[in-house]
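Novice: Here is the input, now give the coordinates:
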Amino acid sequence: MCPTKALFNVNCPGCGSTRMLYSLIHGDVVGAAHFNAFGLAMLVALGFTYVSWTSARIRRKPAVMWHQMRWSPVIILTLVLIWSAVRIIPIPSLAELRV
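Specialist: Modelled structure (predicted):
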């Protein structure tokens, strides 16, 4: 059992991410989005970054990547914190985001 769930009775982002990866491995993209839509979006962004970097290396041209920009770490951290908070807020309309 997850320590965060056991101590605070709150689903941590790690639980949803693990279930998301399990669903992706088994080809269930809709289930993966249900467990952690933000994590799935970040995996897509990571895949896009890898393809962009690889194509730039093959063409021998410099590539400006989104993760190298100055404010990227702050923006990503802010989005992760917002996503984590939204998932645990007890509002009925946000209940679909809870795993």
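Novice: show me what contacts A32?
Specialist: Residues near A32 by CB atoms under 8 Å, 6 or more residues apart in numbering: M20, L21, S23, L24, L40. Heads up, the C-betas are built off the backbone N, CA and C, glycines and all.
Novice: Sketch out the low-pLDDT regions of the protein for me.
Specialist: For the chain, the stretches with pLDDT under 70 are 1, 11-13, 93-99.
Novice: which residue is nearest the middle of it?
Specialist: G39 (1.5 Å; CA atoms, centre = their mean).
Novice: Now do the strand or helix carrying that one: distance to the chain's middle.
Specialist: Secondary structure from DSSP states H and E places G39 in helix 29-59. Taking CA atoms, centre = their mean, to the nearest Å, the mean C-alpha location of helix 29-59 is offset from the chain mean by 10 Å.
Novice: helix or strand right after that helix?
Specialist: Immediately after helix 29-59, counting by DSSP H and E, sits helix 72-88.
Novice: circling back: how about the helix holding G39: buried residues?
Specialist: Judged by neighbour count (16 or more other CB atoms under 10 Å), helix 29-59 contains these buried residues: A32, A33, H34, F35, N36, F38, G39, L40, M42, L43.
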